[in-house]
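Asker: here are the coordinates; sequence isn't available:
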């Protein structure tokens, strides 16, 4: 019923509806005026057809907007947006009517004396702007001047706060030129408002929206200085608001400004004295790091539907021909600990053009993780194999195990062999498990001999000191049980680590200075051979400092000393030094976290989010925020820097809070896309296996994306999960039926990943178990799974497996003692025909006789579903419509029997289609 229905009552007071409207609109009774204001939309619908009546209603609205009662004005303003939308749809002269009558009311209410009326006017204005009902000229000439006056320095405080809020919300709805020319100068003034902190807080909270509205140039020129002021504001609420919008601000700036200015600023917020500021900063740390992402270097991009996809650059495709002739690039990629990629195709969504030839894409995938600088010269990659040695990644770590293998094997002339590009790749190295990356060795060998001599002269002193310390440690090994001796060994161990670290630091300083020269060298200089044995020894010690953290953590102090002098240390000293290393990790551990994608302090702070001390001093949910943003950080760093995040991810995966593990479980499939199949198999699969045995709250995250994760694995690795899929049927709470429902949905997708034999041996049992579930929703989705399994068998010409499965369905469901099972059989048969999952001859031979026999079932619900299957699906197929079909007669006889069934529902569904056809025929006859 319309609100203003009383206007249509005839003979009430001998007035026309329009006159009655005017009477109640200006009645002395406030309630009558409120009713009229609340029902204005219905009034316009009634009087919009007549132009004269329409103008009269408009004049009444204008007079009603001047009502002295605030509630009437509020009710009126709330009706302005729906009235404007109605007029735009129904009246061709909408712009004139709106701008002459309604728009002035909205503008006037922005300065109304009543707070409630002003808020209603502000909300109406934003709705009109969002619906694009206000012209840009009216915004600049009517709305903006009012807002600028209200936000002036001498304006009332309450009006100023409201005006600032409207300006910030309007910015995203106006054109860039309008915002930059009209509103941006006032916004910059308001950011420095020293009178009201509420004004500055609103500016800080909406700073990202303003930056996005004005673009990069205006942001860096005008807004970034103001952002620095807000981030150092004395009120902690301002700093907290800045931390919350930091990602939006960073997204609008250039990479140079982001790295040089915003990164140090964010570090100051993350170390703020106020806990709430630090908490907001840590929550925004992951999103801020994600703004450093570069799709061209990561090789991944986000599609419009939100899924990750691989997009090899055109340079990668061009370099594909080089891959076949020069396999050293593949070796460089495969030996990289964090950037490995399989030769086999990854079943990930790709751009349509990448699907033309899977072989080309797979080749590109194996090398696409090399640094961007490498691909800038990809056009010359086939000219000289030695050139590729200079293009190997310079930021990757070297595993310490390489040196030990070289030393223990006593390979002759290893240095000279490393210099030869022909010996770097051979069939033995190609087919063996990939070795860790040795790019650092190659960099060392590219130095000029004078550079090596200089570095050796600097480092030999530290080498001599290290050897002396080791001799002292050897002399103390016989008295290792003495506490005083243990203290001395502890001090000497620390001195040994410091000596090694100093030599590495001095060496890396020289290495950075000469890196620019190294990138221009195209061949390995013969002069790089180091004849001095002591200098070579020091280089090997330096290489150890770049080992990945996993390799270093697995080595004991004995192996470190062994790499220096190849002598076996005493067992007691080895055990003690290993304990010391666990208590005091060597400096080399930190070096495995180094990368050049994002500022290192940001990464260090992000990795510290798993520290238990952070939960005490910052936020108890900080580990959850770290887990939530980890895929974005991993995407930013790229798989070549996965070693920086590996330990953090493992720590989060074993967190005591199930919410943290649940967050990782929901995103592990996305992380698998980022890392590639080889890293996924090495680092994510063990964690994935742990999630499978976790709480149901964690397992559901894995289950929802089970297909997405399994399709990224190799076929042999994927097959290992066939037996484990049965574990999903058992839940902690039997009432958690949605868990089993999700399992059935995922199994429908997973069928394509396995061959028919595996489906029959493993997945068939799960499907039949779910078909007997206590919850009907689980059973119905499981019936669709059964049909999908049948389709899998017959689509792959596994007719024998399909026949065995059909026989099992007949025994289990057609002859089930419970009517629910027999009803399920009717539904499975109907779905099988509808989806055409099997040949028709197979259906009529093995399923149709059992289906028609349900016509004599004692339970009406079974016969109802049979009637639906025959009438709505089976008889509509072309096969059963053909004349002379031997099976058509049996089906029609069954339908006739069901039409005369004693149950009304059965007869109704058996004849409803027939009656519809008869009605159509009758109407045609009448027309003729």
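Answerer: Nice, thanks for sending it over. All values derive from a computational prediction rather than experimental measurement.
Asker: now do the contacts for residue 171.
Answerer: 179, 183, 187, 206, 209-210, 213-214 (Cβ atoms under 8 Å, 6 or more residues apart in numbering). Glycine gets a C-beta too; all of them are placed from N, C-alpha and C.
Asker: ok, so of those residues, who is nearest residue 861?
Answerer: For the contacts of residue 171, the residue nearest residue 861 by Cβ to Cβ is residue 209; the value is 57.6 Å.
Asker: distance of the closest one relative to residue 173?
Answerer: Counting by Cβ to Cβ, to the nearest Å, the gap from residue 209 to residue 173 is 10 Å.
Asker: and for residue 692?
Answerer: 48 Å.
Asker: could you do residue 832 as well?
Answerer: With the distance defined as Cβ to Cβ, residue 832 ends up 53 Å from residue 173.
Asker: ok, residue 228 next?
Answerer: Computed with Cβ to Cβ, the distance linking residue 228 and residue 173 is 27 Å.
Asker: okay, those two: which has more neighbours?
Answerer: Neighbour tally, residue 228 and residue 173, criterion other Cβ atoms under 10 Å: the higher count belongs to residue 173, 18 against 14.
Asker: so what's that one closest to, chain neighbours aside?
Answerer: Once its chain neighbours are removed from consideration, residue 173 has its nearest residue in residue 129; the separation is 4.4 Å (Cβ to Cβ, 6 or more residues apart in numbering).
Asker: just checking, that neighbour touches residue 172?
Answerer: No - taking Cβ atoms under 8 Å as the definition, residue 129 is not a contact partner of residue 172, at 9.4 Å.
Asker: ok, these two, which is more surrounded?
Answerer: Taking other Cβ under 10 Å, residue 129 and residue 172 do not tie; residue 129 has more neighbours (18 against 14).
Asker: ok, the more buried one - contacts?
Answerer: Residue 129 makes contacts with 139, 170, 173-174, as judged by Cβ under 8 Å, 6+ apart.
Asker: how about TSV for the residues you listed, with secondary structure, pLDDT and distance to residue 778 added?
Answerer: Output for the contacts of residue 129, formatted as TSV (DSSP: H, G, I helix; E, B strand; the rest coil; pLDDT from 0 to 100; distance: Cβ to Cβ, whole Å):
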residue	secondary structure	pLDDT	distance to residue 778
139	helix	89	55
170	helix	90	50
173	helix	89	47
174	coil	89	52
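Asker: strands of the chain, start to end?
Answerer: Read by DSSP state E, the chain holds these strands, from start to end of the chain: 300-302, 308-310.
Asker: buried ones in stretch 24-39, by neighbour count?
Answerer: Within stretch 24-39, the residues that qualify as buried by neighbour count (16 or more other Cβ atoms under 10 Å) are 24-25, 32-39.
Asker: residue 855 against residue 863, yeah?
Answerer: Yes - here residue 855 reaches residue 863: they are 6.6 Å apart, a contact under Cβ under 8 Å.
Asker: now residue 645: how far from residue 680?
Answerer: With distances defined as Cβ to Cβ, the gap from residue 645 to residue 680 amounts to 14 Å.
Asker: can you pull the contacts of the closest residue to residue 73 other than its chain neighbours?
Answerer: Leaving aside its sequence neighbours, residue 73 sits nearest to residue 117 (Cβ to Cβ, 6+ apart; 4.8 Å). The neighbourhood of residue 117, defined by Cβ under 8 Å, 6+ apart, consists of 70, 73-74, 77, 109.
Asker: if we go to 6 Å?
Answerer: Going by Cβ atoms under 6 Å, 6 or more residues apart in numbering, residue 117 touches 70, 73-74, 109.
Asker: mind putting these into CSV with distance to residue 236?
Answerer: Rendered in CSV, the data for those read as follows (distance: Cβ to Cβ, whole Å):
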residue, distance to residue 236
70, 37
73, 39
74, 36
109, 35
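Asker: now render the residues you listed as TSV, adding distance to residue 165 and pLDDT.
Answerer: Conversion of these to TSV gives the following (distance: Cβ to Cβ, whole Å; pLDDT from 0 to 100):
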residue	distance to residue 165	pLDDT
70	20	92
73	20	93
74	18	93
109	15	93
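Asker: for PyMOL, what selects the buried ones among those residues?
Answerer: Remark: buried members of these, expressed as a PyMOL selection using 16+ other Cβ under 10 Å:
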select buried, resi 73+74+109
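Asker: now, which of the contacts of residue 117 lie within helices?
Answerer: Within those, membership in helices is found for 70, 73-74, 109, as judged by DSSP state H.
Asker: and of those, the nearest to residue 872?
Answerer: Proximity of the ones in helices among the contacts of residue 117 to residue 872 (Cβ to Cβ) peaks at residue 74, which lies at 54.7 Å.
Asker: many thanks, have a good one.
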